[in-house]
Every structure is written in C-alpha cells, then in structure tokens.
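Enquirer: what follows is a predicted protein model with its sequence.
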Amino acid sequence: HSKSMKALPRRRFIRQTLSAALAAPFISTAVTRALAQAAEKKIGFALCGLGSLSTHQIAPALQHTKNCRLTGIITGTPAKAEKWKAQYNIPGRNIYSYETMAKMADNPDIDAVYVVTPNALHAEHTILAAKAGKHVFCEKPMEASSEKCQEMIDVCKAAIRLLAIGYRCRFEPHNLECMRLAREKVFGDLRIIQACFDIHLDLPPGAWRFNKALSGGGALMDVGIYALQATRFITGEEPIAVFGMETKTDPVKFKEVDETVVWQAKFPSGVIADCSTSYNSSLVGGYRAVADKGWFQLDPGFYYDGNRGRRSDGEEIRYPEVDSLGEFYQFAAEMDDFAQCILGGKATRVPGEEGLRDLKILTAIYKSIRTGETVKLG
Ligand code: NAD
C-alpha cells in the first residue's frame with residue numbers, strides 16, 4: 001500500500017489525499033499518516049550526467065531516500081532523456097542539456113544538482129548549477145586540479161549554495177566504526193595504516209578515464225582516492241609528506257594516465273601510511289590500521305556493499321542491517337544527509353574543502369612520482 005502511494009506523483013498524491021480527507025467523516029489513521037508523509041520535506045534533485053553511476057546506483061538509490069526525490073535530469077543524449085522521462089516520471093520541463101542547464105534558475109522543482117560527469121567537467125557543471133541557484137552534490141574526485149576545486153568553492157560560497165562531495169564511505173557504518181575505534185584509541189595509539197583500492201578497469205581505449213584532459217589522472221584519482229581518504233579519516237590528520245612510485249604493464253592503454261601507483265604518507269602524530277591503487281588488479285578495497293595494542297581492518301571496506309571487518313581481539317566489524325539496501329545504502333545515506341543539511345541549514349561533513357584537500361595531496365603524489373623526491377605538504 002505505502003509503496004503504491006509513494007509511486008504517485010507528489011502533486012496528484014497530495015490532491016488525492018486531501019480530497020480523501022475532506023470526504024471522510026473523520027480522519028482515519030491511514031489518512032493522517034499519509035498527510036504527515038505529504039508534509040515531509042524533500043529536496044528535488046536533478047542528475048547531471050546519466051552514465052553508469054547515475055543509471056545503476058544513484059537513480060535507484062534516490063528511490064530509497066527519505067528527504068530526496070529525483071525531479072530532473074541534465075543530459076547531452078536525447079535518447080537517454082526519453083528513457084529516463086518514462087522510467088522516472090520526469091516532466092518534460094525538468095529535462096535539460098549541458099547547454100540549457102543555466103535555465104534551471106527559474107525551475108522550483110529542482111533544489112539541487114548531483115554532478116556525475118567526467119572528473120574534469122565537474123567545475124563547469126557545478127558552477128552552472130550554483131549560478132542557477134542550485135545546491136551542488138558533486139562526485140569524487142572533486143575536479144582534476146586544486147585550482148578548479150577552489151573555484152567551485154568560491155562560486156558556491158558567493159551563490160550561498162551548499163557544496164558537498166560524494167565521499168560515500170563517510171556515511172558507511174563499517175567505516176564509521178573504524179573512525180570511532182581510532183578516535184577512542186580502543187587499540188591504543190595508531191602506528192601504521194595500510195590502505196589499498198584496486199580494480200580491473202575493463203573499458204575500451206577511447207573511454208574518458210584514459211584521457212587525462214577529462215580524468216585528470218588514472219587509478220590514483222579514481223579509486224586510490226578512497227585509500228587516501230581512509231588514511232585521513234582514520235588518523236583525523238593531514239599528511240605532512242608523501243612519496244609515490246608508479247608502474248605500467250600497458251604503456252599504450254595507460255599512455256596518459258597512471259595504471260598502478262604506490263605511495264607512502266607521514267602524518268604529524270608520526271603515523272605512517274602505506275598505500276596502493278591499480279586499474280589492473282582487483283585484490284583489495286580496504287585498509288588495516290595497526291595501533292600499539294592491536295589492529296582493526298576492513299576487507300573489503302570501499303565496496304558498494306558487502307563490507308566487513310575484523311579486530312585483533314577477535315571481534316567482527318559487521319553491520320548486516322546495511323545489507324537490506326545493498327549497493328544503494330551508501331548513496332541513499334549521503335544524499336539524505338545532504339538534503340538534511342540543506343533543510344536544517346547544517347554544515348556537511350563532506351564539504352568542497354574536503355575535496356580540495358584530497359586534490360592537493362593527489363597532486364603532491366603525482367609530483368613525487370615525476371621527481372622521485374618526497375614532497376612536503378604545508
Ligand atoms: P560514465 O562514463 O559511465 O558516465 C559519464 C557521463 O558523463 C556519461 O553519461 C557521459 O555521456 C557524460 N558526459 C558528458 N560530457 C562528456 C564528455 N565530454 N565526455 C565523456 N562523457 C561525457 O562514468 P561514471 O562511472 O558514471 O563516472 C562519473 C563520475 O562519477 C566520475 O567523476 C567518477 O569518478 C564518479 N564515480 C563515483 C563512484 C562512487 O562510488 N562514488 C563510482 C563510479 C564513478
């Protein structure tokens with residue numbers, strides 16, 4: 001019952017609910033509940049870029065959120081517009097192209113834009129959205145350079161719009177538990193963090209991920225960023241120095257971007273991190289934190305679902321309840337949090353500044369790879 005009500009377009013739903021309420025001699029519990037639901041505030045999202053992540057994770061996850069709804073799309077492909085319009089009941093007036101998205105300014109159905117285009121287009125699309133008066137949720141990595149990240153922050157600030165980055169692990173219970181174990185020093189002081197995210201990238205050579213102008217970098221920018229994030233959110237510190245090395249098994253395919261990178265980082269408290277990432281293996285997507293009285297680890301810890309962990313005292317780190325939403329859990333959680341920040345005027349835990357910090361560190365790792373030197377960070 002509640003599922004079929006949810007599927008109704010909101011206006012029709014409210015109209016029907018109200019007429020049912022007026023017709024009834026007394027307000028039934030079901031109607032009261034329905035009215036309360038109708039009054040629940042939701043942020044209207046437009047997805048910008050209808051590629052793999054939007055199609056398979058974000059749009060389905062939006063259907064499981066409490067405070068969000070998919071109200072618009074921005075796409076360069078008319079065939080996709082037709083398909084999405086039918087599948088998600090999106091009114092024609094809420095469909096834009098990259099060229100027309102500035103016109104969203106006069107569309108009250110759209111409160112926020114979720115930018116899911118190739119990395120080096122994030123600034124362009126974020127800035128267009130913010131200038132149209134929309135809040136922006138932007139996928140990781142925030143952009144291809146720190147300068148672009150700073151520009152995004154400045155424009156959103158000037159437009160008084162919230163800007164947040166899609167760091168989904170920051171909303172994931174297994175990762176949140178590891179942050180707690182570190183903060184509360186359950187196993188004492190941290191010493192070493194080993195973090196890795198590698199995937200087999202099975203894409204044709206023409207894909208944007210191999211094109212530096214569109215991606216900004218390879219495995220390190222795309223998935224290594226999860227390992228970098230983990231070293232930062234587990235220590236709660238910023239690295240003061242990094243050293244990186246790379247190797248390639250396919251210098252033709254990976255002519256412009258990195259294929260496999262390892263890096264080390266040192267933190268102010270003395271913790272050192274040992275990390276790696278690759279587009280050419282898929283062994284690990286997680287981390288192990290070694291402290292002076294024990295350790296804890298997630299393996300995997302960066303996947304859409306099925307994350308799990310262990311501790312040196314034999315206890316498991318396991319939150320089976322997140323399995324109910326499977327691969328949609330983290331995306332629904334990050335979008336609901338963003339909506340609640342907008343509705344409540346609260347700060348986000350994943351602001352643009354967080355994306356900028358990562359870009360500065362990634363840039364330092366690339367510099368170290370090029371120069372063969374350890375690069376110090378301010
Ligand atoms: P994708 O290639 O499947 O989709 C990219 C979309 O951008 C496509 O619809 C494409 O048509 C559109 N696009 C617009 N202009 C383009 C241009 N000039 N060249 C190429 N494509 C163009 O990519 P994806 O896997 O959906 O990744 C999109 C973004 O999401 C990236 O920033 C990526 O890092 C991020 N991402 C995040 C996660 C996560 O877990 N948070 C997972 C995958 C991807």
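Expert: Nice, thanks for sending it over.

Enquirer: okay, CA-based contacts and neighbour counts for the rest of this
Expert: Will do.

Enquirer: mind listing what's buried in stretch 339-359?
Expert: For stretch 339-359, the buried set under the neighbour-count rule, 16 or more other Cα atoms under 10 Å, comprises 339-340, 342, 348-356, 358-359.

Enquirer: how many other residues sit next to the residue of the stretch 101-250 of the chain found nearest the ligand?
Expert: Closest to the ligand within the stretch 101-250 of the chain is Thr117: 3.8 Å, counting by Cα to the nearest ligand atom. Thr117 is flanked by 21 other residues according to other Cα atoms under 10 Å.

Enquirer: follow-up on the earlier one: among the buried residues of stretch 339-359, which are located in helices?
Expert: 339-340, 342, 352-356, 358-359 (DSSP state H).

Enquirer: which members of those are the farthest-apart pair?
Expert: Gln340 and Leu359 (26.5 Å; Cα to Cα).

Enquirer: got the contact list for Ala129?
Expert: Neighbouring residues of Ala129 by Cα atoms under 8 Å, 6 or more residues apart in numbering: 101-102, 104, 112-113, 135-136.

Enquirer: in the helix or strand where it lies, what's buried?
Expert: Using DSSP states H and E, Ala129 sits within helix 122-131. The neighbour-count check on helix 122-131 (16+ other Cα under 10 Å) flags 122-123, 125-131 as buried.

Enquirer: same check, this time on stretch 222-237
Expert: Of the residues in stretch 222-237, 222-235 count as buried by neighbour count, 16+ other Cα under 10 Å.

Enquirer: could you do stretch 99-114 as well?
Expert: Neighbour counts over stretch 99-114 (16+ other Cα under 10 Å) mark 101-102, 104-105, 109-114 as buried.

Enquirer: try stretch 141-153
Expert: By 16+ other Cα under 10 Å, the buried positions in stretch 141-153 come out as 141-146, 148-150, 152-153.

Enquirer: against Gly294, how distant is whichever residue of the stretch 251-378 of the chain sits closest to the ligand?
Expert: Relative to the ligand, the nearest point of the stretch 251-378 of the chain is Tyr304 (7.0 Å; Cα to the nearest ligand atom). From Tyr304 across to Gly294, the span is 27 Å (Cα to Cα, to the nearest Å).

Enquirer: ok, Asp109 next?
Expert: Taken as Cα to Cα, the span from Asp109 to Gly294 is 51 Å.

Enquirer: mind listing the helices for the stretch 201-350 of the chain?
Expert: 212-215, 219, 225-235, 329-344 (DSSP state H, counting those that start in this stretch).

Enquirer: that older thread, let's have the buried residues of stretch 141-153 in TSV, adding distance to the ligand.
Expert: Converted to TSV, these look like this (distance: Cα to the nearest ligand atom, whole Å):
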residue	distance to the ligand
Pro141	6
Met142	7
Glu143	8
Ala144	10
Ser145	13
Ser146	15
Lys148	14
Cys149	13
Gln150	17
Met152	15
Ile153	17
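
Enquirer: for the stretch 151-300 of the chain, give me the ranges with low pLDDT.
Expert: Judged against pLDDT under 70, the stretch 151-300 of the chain has no low-scoring part.

Enquirer: within range of the ligand, give me the residues from it.
Expert: Contact residues (Cα under 6 Å from any ligand atom) of the stretch 151-300 of the chain with the ligand: 166, 208, 222.

Enquirer: and which of the buried residues of stretch 141-153 is nearest His200?
Expert: Pro141 (18.6 Å).

Enquirer: quick one on the thing from earlier: max pairwise distance over the buried residues of stretch 99-114: which two?
Expert: The span of the buried residues of stretch 99-114, defined through Cα to Cα, is set by Ala105 and Tyr114 at 15.4 Å.

Enquirer: surely Ala79 forms part of a helix?
Expert: Yes - secondary structure assignment places Ala79 in a helix (DSSP: H, G, I helix; E, B strand; the rest coil).

Enquirer: now do stretch 47-66: distance to the chain's middle.
Expert: 11 Å (Cα atoms, centre = their mean, to the nearest Å).

Enquirer: how about the CA coordinates for it, as PDB?
Expert: This file holds the C-alpha atoms of stretch 47-66, laid out as PDB (Å, rounded to 0.1, in the frame of the first residue of the first chain):
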ATOM      1  CA  LEU A  47      21.100  14.300 -12.000                       C
ATOM      2  CA  CYS A  48      23.800  15.800 -14.300                       C
ATOM      3  CA  GLY A  49      25.400  13.100 -16.500                       C
ATOM      4  CA  LEU A  50      23.400   9.900 -17.000                       C
ATOM      5  CA  GLY A  51      26.300   7.400 -17.300                       C
ATOM      6  CA  SER A  52      27.000   4.200 -15.400                       C
ATOM      7  CA  LEU A  53      26.900   5.500 -11.800                       C
ATOM      8  CA  SER A  54      23.800   7.600 -12.300                       C
ATOM      9  CA  THR A  55      21.900   4.700 -14.000                       C
ATOM     10  CA  HIS A  56      22.900   1.800 -11.800                       C
ATOM     11  CA  GLN A  57      23.400   3.400  -8.400                       C
ATOM     12  CA  ILE A  58      22.300   7.000  -7.900                       C
ATOM     13  CA  ALA A  59      18.900   6.900  -9.500                       C
ATOM     14  CA  PRO A  60      17.800   3.600  -7.900                       C
ATOM     15  CA  ALA A  61      19.200   4.800  -4.500                       C
ATOM     16  CA  LEU A  62      17.200   8.000  -4.800                       C
ATOM     17  CA  GLN A  63      14.000   5.900  -4.600                       C
ATOM     18  CA  HIS A  64      15.200   4.700  -1.100                       C
ATOM     19  CA  THR A  65      15.800   8.200   0.400                       C
ATOM     20  CA  LYS A  66      13.700   9.900   3.000                       C
END
